[in-house]
Structures are given as structure tokens and as C-alpha cells.
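Colleague: Here is my input; please provide its structure:
(4 chains)
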There are 2 protein chains.
Amino acid sequence: MRLVIARCSVDYAGRLSAHLPPANRLIMIKADGSVSIHSDTGSYKPLNWMSPPCRLTEQPDRLLITGKSGETLTIEISEIISAWSADLGSDPGLVKDGVESHLQELLAAQLDVLGAGWRLVRREFPTAIGPVDLMCRDSAGVSVAVEVKRRGEIDGVEQLTRYLDLLNRDPLLAPVRGVFAAQEIRPQARVLAEDRGIRCVTLDYDTMRGTDDGMLRLF
Amino acid sequence: MRLVIARCSVDYAGRLSAHLPPANRLIMIKADGSVSIHSDTGSYKPLNWMSPPCRLTEQPDRLLITGKSGETLTIEISEIISAWSADLGSDPGLVKDGVESHLQELLAAQLDVLGAGWRLVRREFPTAIGPVDLMCRDSAGVSVAVEVKRRGEIDGVEQLTRYLDLLNRDPLLAPVRGVFAAQEIRPQARVLAEDRGIRCVTLDYDTMRGTDDGMLRLF
DNA sequence: TTGTTGATTTCGCAA
DNA sequence: TTGCGAAGTCAACAA
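Modeller: Prediction:
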């Protein structure tokens, strides 16, 4: 990794055009050739960047970076304030816990959160337009398609609606009801879902994880 | 901005939990207190980060960063390889050209791209479920709702469909037809749109910008 | 290779 | 402040 702090102006031409007037910034050049330009504020997102794969060409006062589909990033350097280089080696990578797939696992193991006597038909129930997160039957034996989201927004309601439209054409399954389950459900998504007769359920990941731990201890 | 290259392990606890085993990495600490941890590969996204606003606490071999809603980022440092600091000053910011709003402006000024004799009723035509990008009337006076996208995907077709459903309930407007206009339309989005009687139009930003420049020169 | 979906998305605008 | 849609979204995964 090379790190350069320099006064520079930047131009990007690709899916859009973008320009940065001259100022002092950090230029980060990674071992894979990717480049990002950071200011001293803002979150982790750089002002400009080029993602790998790309090719870096160095000229006297200029860095030219070309992406594989023809995008160009041009960094005009008027003054180098400092520059370093370091070999970091490869990274063992990140371990995550608490993403949507975990939420889906937990809910599948605790269907009583949705209703007493429900049973799971299948996780990732396949359809022609994609898998339904959880296909269940309620205590009366009625089919229920459950869409699990971390954050419930309108897109998720549309997705579940498409599944329900399709599933209800299958006489072996119909009628199929819908449940939209998420840690957080946006008001507009809730309105749209309930307008379409889809039940909304808010999930508490920590409680479900706790319950699950308890289950594991009992058995 | 402070830059530290160090052998470190990292733990994040917030909306999810994440852990990074020990390795050499770059720790970037911005003037606003935000922190990001980069490896030597991958695009601009860091392995772990904390967005501002947040608070940084330094301990002998550890950095503790606390976010405003209680997330914590813990960096255990076993060896500092190098460390620098620099004051970059404020940044004048980025100038962008070619995003969706520009596309919408250009199309509003060149409705003949959609058909001869069309006229604009309103940009950002308000409805109860959000604004329609362009509301027009064609040469026969029939209402047309136009959804403009940079990249046309299924979500955009769903969005336009919702608008059309709503608008067609208004006897003053009905019948309302739909046009889905984008620089690039995904095949599945095109199929869905045309299946619903929505016309798809591919836009060429450079041509439209050129035409617009021409118009400006003429008047 | 293409398409789909999730993301600690981030960012910007408007109510 | 909150909500919502766009983004050079990126990135992982399946077909």
C-alpha cells in the first residue's frame, strides 16, 4: 500500500463525470492497483476512487488510472506533502454475525414467534421468480409465505407480493397468505403491506438469539 | 488526519457483530473522529469502520471508538509499524454531472425524444405515494406518466406501476399511460414493463446533452 | 457471464 | 429529525 498526501485536483470520467478542485488530500494506492482519494472529513467513502481491476500509470505530476470498462481517473498533483509505502500482506478477512441469513435461521427455529402451532415447510422455498425465505403452514394448515428482512422497505413488500401472486396460482398451495418480518419496518412499507393483506411482524434479534440460546441449553 | 499502520485485531458491535483476526492493516483516523481500517486489497470499502459522529478513546495498546447510538469499535494494537499525522484542511467538495436529476432535466427539455407534439404538464408531479418524474400529455392529449432512471431495473417498473394504478383512479387524468425511460434497461425490467403495457425508451445522455447544448446555442 | 439480493450500505433532499 | 430514493452504489452468490 502506498499513501500520498498531496495537493491535487481530480477528474473522473465514467458512468458520470466528477471534478475535485485543488486541495490537500490523501491518495491511497492499494496493492491491487485500486486508488481512492480521501478528505479529512466524511465517513469511509472516498471523494473519488477507482475500483479494481484497473491500471495505474504514473507521469511526472499526474496519476492516470484506467478501469476495465474505460473509466478514467486523473489526479493532477501540484505538491507532494508526504509519501509512504508499506507491505501489509494478505488479510485473513472478516467474520460477521447478525445479518439477514442469521435472522432467517433464528425465525425458522422459532416459528412460534409468528403463531402457535405453525410448522416449517421449507427455508428458501424455490419458485420460478426466486426463493421464498420461509414457506410455512399455520395451525389451520393454511400456507404462509414469509419474507424476512433486516430492514423492511417497500421493495421487500413488492418482492413478497410477486411471490404471493405466483404461489396463489398453484392450486396445491392456494390460498397462500403473506407475512413480512423484519427488525425494523418503514411506515410506508407497513402501509403498503397491510393494504395488500400482508401481516407485518417486527423481530427482535437479541431476544430471538437469547431464546435460541435457551433452546440450545434445554436440549 | 492520522494514519497508523499496525498489527491489530478488531471487534465491532453494533447492528451486527464483526471480528477481524490479527494482521497488518492501515488505520485511518479523520479529523472528525471517524475511523476506518483498510487491508491492502479490495475496493474503497474498509474492513471495519465507525462513521461520524463518534468518540475516540486511546488506551495504551487499544483504540476504543463509540458511536452515537452505542456501537463500539475496539482496535487491539499489538505492534505499531508506522504512524503519521497531517492537517489537510477543509475540502471544497465534489462536482458531479450525469446523475438521474440531470437526465430528468434534459428529457423534460426534449420531450420530442418521446414523441412529436408532447407537452410537459409537470416535473415531479405529486401523488399520495410519491412524485411522478414527468407528467406529460401526448399529441392526442392523453396523459402519460414518465419514470426516468439511470439504470432501469424491476424496482423502477414496480414504482411506475404503482403510480399508474393510482393515477388511473383519477377520472380527470385517466386513462394514463406509462413510459419507462432509462440510459440502460435490464432485459427483465423491459419484459415486465412491456407485459404491463408500459413503453420502454432508452436514453443516450451524451446525445441529449449535445442536443441541449445545441438548443442553448440557438436561443 | 449475467442477474439478484443484501449492506454496519452512504448520501442527499425534502417534509 | 425522520423518511425515502439514488448511488460511479459494492459485493456475494446462484444460474
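Colleague: What's the local residue count around the closest residue to DNA strand C within chain A?
Modeller: Distances between chain A and DNA strand C by Cβ to the nearest atom of the strand are smallest at residue A:99, namely 3.0 Å. (Each C-beta comes from the backbone N, C-alpha and C, glycine too.) Residues lying near residue A:99 (other Cβ atoms under 10 Å in any protein chain shown) number 14.
Colleague: Quick check: closest non-adjacent residue to it.
Modeller: residue B:16 (5.8 Å; Cβ to Cβ, 6 or more residues apart in numbering or on different chains).
Colleague: burial measure for the one you found, as a count.
Modeller: Around residue B:16 there are 15 residues (other Cβ under 10 Å).
Colleague: about what we covered before: is it true that the residue of chain A closest to DNA strand C touches residue A:150?
Modeller: Yes. Counting by Cβ atoms under 8 Å, residue A:150 is a contact partner of residue A:99 at 7.1 Å.
Colleague: Now do the shared contacts for those two.
Modeller: Common contacts of residue A:99 and residue A:150, defined by Cβ atoms under 8 Å, 6 or more residues apart in numbering or on different chains, are absent altogether.
Colleague: Looking at the residue lying farthest from the centre of chain A now. What's its pLDDT?
Modeller: Here chain A reaches farthest from its C-alpha mean at residue A:60, the gap being 39.9 Å by Cα atoms, centre = their mean. Residue A:60 carries a pLDDT score of 91 in this model.
Colleague: Likewise for residue A:217?
Modeller: 38.
Colleague: again with residue A:64
Modeller: On pLDDT, residue A:64 comes in at 96.
Colleague: Confirm that it sits in a strand.
Modeller: Yes. Counting by DSSP: H, G, I helix; E, B strand; the rest coil, residue A:64 is found in a strand.
Colleague: which residues sit in contact with the residue nearest to residue A:99?
Modeller: A:96-99.
Colleague: How about stretch A:148-161 and DNA strand D, touching?
Modeller: Yes. Using Cβ under 7 Å from any atom of the strand, stretch A:148-161 reaches DNA strand D at A:153-154.
Colleague: So what are the sheet partners of the helix or strand that residue A:18 is a member of and their directions?
Modeller: Using DSSP states H and E, residue A:18 sits in strand A:17-29. Next to strand A:17-29 in the sheet, as set by DSSP bridges, lie strand A:2-13 (antiparallel), strand A:35-38 (antiparallel), strand B:95-97 (antiparallel).
Colleague: low pLDDT regions in chain A?
Modeller: A:212-219 (pLDDT under 70).
Colleague: Domain ranges for chain A, per the record?
Modeller: Annotated domains of chain A cover A:2-85, A:100-218 [automatic domain parsing].
Colleague: ok so, going back, got a markdown table for the strands paired with strand A:17-29, with mean neighbour count and distance to residue A:166 too?
Modeller: Conversion of those to a markdown table gives the following (neighbours: other Cβ atoms under 10 Å in any protein chain shown; distance: least, Cβ to Cβ, whole Å):
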| stretch | mean neighbour count | distance to residue A:166 |
| --- | --- | --- |
| strand A:2-13 | 20 | 42 |
| strand A:35-38 | 24 | 43 |
| strand B:95-97 | 12 | 40 |
